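model this:
(one chain, ligands or ions: 1)
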Amino acid sequence: MKKFTLFALLALLGSLQCVAQPAVNVKKYGAEPLRFSSVEEWEQVHRPVIMNFFEREVYGRMPQKQVPMEFDVISEKAGALSGKAIRKEVAIRLEGMYAPILVLMYIPADAKGPVPAFFGMNFKGNHQINADPEITISVNAPKKEELGSDPERGAASSRWPLEMLMDNGYALVTIYRGDVDPDFDDGFRNGIHPLFHGEGTPAADEWGTIGAWAWGLSRVMDYLETDSKIDSKKVAVIGHSRLGKTSLWAGAADPRFAIVISNDSGCGGAALSIRKQGETVEAINKSFPHWFCDNYNKYRNNEEALFVDQQGLIALVAPRPIYVASAVEDTWADPEGEYLSAVAASPVYELYGKKGLTGPMPAVDSPKAEGDVAYHIRKGGHDINLYDWTQYVKFADKYFK
Ligand code: GCU
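Numbering: from 1, shown residues only. Below is the predicted model:
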């Protein structure tokens, strides 16, 4: 009798397993265009598999555990940017973390209600995005001793055209990457990882620094949902370079980001890895061993083994609008690979009735931005500048205004 019960149980489990199997055979996608027959097929079969691949093999899984946190408005001042903006700073205090994540916001002074926002991480501290002398300098920002000079206020202001954003009715929200996780290989002793791993380190399929940064962006989104000055349904997540890799991963993982913008994100961002143009999977893991999960090392000089290339990451954002941008001299980021990746993701957008990218790469300084997957390549090198932002504002206007 006992034997029979066990057998029946095993048979039942077996049949349940059969039921749980995807109805459609999931093959390896490589760098192919992602063509499926319906939204249901994409959402029920392929999207979960591709998401699982990026979670376990590329950026690493983010933790499920919730950390208690508090939002603390530390300053709010009208009359910033010669009267164009309200400047607001919020400390996100995660329980157990040695310093808060400092959120810096500029909100158009003439806003009549909640405004749409661009939200991105910055490289060297909030105080570098504008010369405004009252921006709080994070304790995590590079110090005088490390820089050989005083931390320069406004040093990165060419990357953050605040006045232009205010004139166009957008708020700008930013945090310093080092407030979430410092950008060096410290064995995950600093930043948010110890809140989840204690003295240990993430497993081979758990998050590195890009995953941590993306997680941090989502915590700021948690705050933005509580701020009545921001229309949290209209937040575009934006990032340049390594922070563009981060905005893509954050946008893929968190559907609350309504638009996703990747500026010169290159390898491990928008660019197809299989082309091995510019930075390769080998090079990036060697120089930045802390960015991805350990499993990503399997693909060093072995890109053919990737289950899906970076077009899969772009497709994970569908049907939300996405903008991928390159610069002509930025060969390290492989502009053509960034474009082809956006093209290969486009059939997924088309399943939703959205307009993807097709055809040859556009000429320099001639954006292809009439659809929901947009792209431009501008003259010049690896940077984010007013030209790039002007295109992003035009693109966001289509959805947010
Ligand atoms: C390096 C790195 C790139 C990265 C860039 C940046 O060049 O190799 O992958 O995008 O730094 O973040 O500026």
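
how about the residues of this protein near the ligand?
Within the chain, the residues that sit near the ligand (Cβ under 6 Å from any ligand atom) are Ser241, Arg242, Gly266, Cys267, Glu279, Ile284, Ser287, Trp332. Quick note: C-beta positions are derived from backbone N, CA and C, even for glycine.

now, which of the residues you listed sits nearest Gly211?
Among the residues of the chain next to the ligand, Arg242 lies closest to Gly211 (Cβ to Cβ), at 12.5 Å.

the closest one against Ile210, yeah?
Yes. Counting by Cβ atoms under 8 Å, Arg242 does reach Ile210; the two are 7.2 Å apart.

hang on, the earlier thing: from the residues of the chain next to the ligand, keep the buried residues only.
Buried members of the residues of the chain next to the ligand, scored by 16 or more other Cβ atoms under 10 Å, are Ser241, Arg242, Gly266, Cys267, Glu279, Ile284, Trp332.

ramachandran coordinates for the second one?
It stands for Arg242. Backbone geometry at Arg242, expressed as degrees, to the nearest 10, gives phi -60, psi -30.

so who does it touch?
Residues counted as contacts of Arg242 (Cβ atoms under 8 Å, 6 or more residues apart in numbering) are Asp183, Ile210, Ser265, Gly269, Phe288, Trp291.

for the residues you listed, which one is nearest Pro142?
Distance to Pro142 across those (Cβ to Cβ) is lowest for Asp183, with 10.6 Å.

ok, that closest one - how many residues close by?
18 (other Cβ atoms under 10 Å).

can you check Gly216 too?
24.

so when I look at it, I'm seeing a helix, right?
Yes. Assessed by DSSP: H, G, I helix; E, B strand; the rest coil, Gly216 belongs to a helix.

all helices of this protein, in order?
Taking DSSP state H, the helices of the chain run over residues 2-20, 39-41, 47-53, 144-147, 162-167, 193-197, 209-224, 242-253, 281-287, 311-315, 335-351, 386-400.

for the ones you listed, give me TSV that also has mean pLDDT and distance to Phe123.
Shown next, in TSV, are the helices of the chain (pLDDT from 0 to 100; distance: least, Cβ to Cβ, whole Å):
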stretch	mean pLDDT	distance to Phe123
helix 2-20	42	44
helix 39-41	97	38
helix 47-53	98	28
helix 144-147	70	13
helix 162-167	98	16
helix 193-197	97	20
helix 209-224	98	11
helix 242-253	99	7
helix 281-287	98	16
helix 311-315	99	22
helix 335-351	98	20
helix 386-400	98	15
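
dump those helices into a markdown table; add distance to Tyr98 as well.
As requested, the helices of the chain are arranged in a markdown table below (distance: least, Cβ to Cβ, whole Å):
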| stretch | distance to Tyr98 |
| --- | --- |
| helix 2-20 | 43 |
| helix 39-41 | 45 |
| helix 47-53 | 32 |
| helix 144-147 | 18 |
| helix 162-167 | 29 |
| helix 193-197 | 9 |
| helix 209-224 | 15 |
| helix 242-253 | 22 |
| helix 281-287 | 27 |
| helix 311-315 | 32 |
| helix 335-351 | 37 |
| helix 386-400 | 33 |
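
among those helices, which is nearest Asn302?
helix 281-287 (7.8 Å).

what's in contact with the closest one?
By Cβ under 8 Å, 6+ apart, helix 281-287 touches Cys267, Gly268, Ser273, Trp291, Phe292, Tyr296, Asn297, Tyr299, Arg300, Asn301, Asn302, Glu303.

do that again at 6 Å, thanks
Residues from elsewhere that reach helix 281-287 (Cβ atoms under 6 Å, 6 or more residues apart in numbering): Cys267, Gly268, Ser273, Asn297, Tyr299, Arg300, Asn301, Glu303.

same question, stretch 26-45
Under Cβ under 6 Å, 6+ apart, the answer for stretch 26-45 is 22, 24, 46, 49, 272, 274, 307-309, 315, 344, 347-348, 351.

which among those gets closest to the ligand?
Nearest to the ligand among those, counting by Cβ to the nearest ligand atom, is Leu272 at 14.3 Å.

the closest one reaches Asp309, doesn't it?
Yes. Shown here, Leu272 and Asp309 form a contact pair, counting by Cβ atoms under 6 Å, at 4.9 Å.

can you check the pLDDT for the closest residue to Tyr352 other than its chain neighbours?
Distance criterion Cβ to Cβ, 6 or more residues apart in numbering; nearest residue to Tyr352, sequence neighbours excluded, is Pro319 at 3.8 Å. Predicted confidence (pLDDT) for Pro319: 99.

and for Pro151?
Pro151 carries a pLDDT score of 71 in this model.

for it, give its distance to Val281.
Note on Pro151: its distance to Val281, by Cβ to Cβ, to the nearest Å, is 34 Å.

between those two, which is the more surrounded one?
For Pro151 versus Val281, neighbours defined as other Cβ under 10 Å are more numerous around Val281 (23 against 17).

Pro194: neighbour count?
Around Pro194 there are 16 residues (other Cβ under 10 Å).

ditto for Thr280
Thr280: 18 surrounding residues under other Cβ under 10 Å.

so it versus Arg153, what's the distance?
Distance, Thr280 to Arg153, by Cβ to Cβ: 37 Å.

and for Asp222, the neighbour number?
Asp222 has 14 neighbours, counted by other Cβ under 10 Å.

how about the nearest residue to it, chain neighbours excluded?
Met69 (7.6 Å).

isn't the one you found right next to Gly96, touching?
No. Met69 lies out of contact with Gly96 (Cβ under 6 Å); the separation is 10.1 Å.

those two: who's more crowded?
Applying other Cβ under 10 Å to Met69 and Gly96 shows that Met69 carries more neighbours, namely 16 against 12.

quick check: the residue of the stretch 1-150 of the chain nearest the ligand.
For the stretch 1-150 of the chain, Cβ to the nearest ligand atom, closest residue to the ligand: Phe123, 7.7 Å.

ok, that residue - how many residues close by?
Using other Cβ under 10 Å, Phe123 has 18 other residues around it.

cool, and Ala155?
18.

do the one 4 residues further on as well
Each residue near Arg159 was counted by other Cβ under 10 Å, and the total is 19.

beta partners of the residue nearest to Glu76 when sequence neighbours are not counted?
Of all residues not flanking Glu76 in the chain, Lys88 sits nearest, at 4.6 Å (Cβ to Cβ, 6+ apart). Beta-bridge pairing for Lys88 (DSSP bridges): Glu76, Met105.
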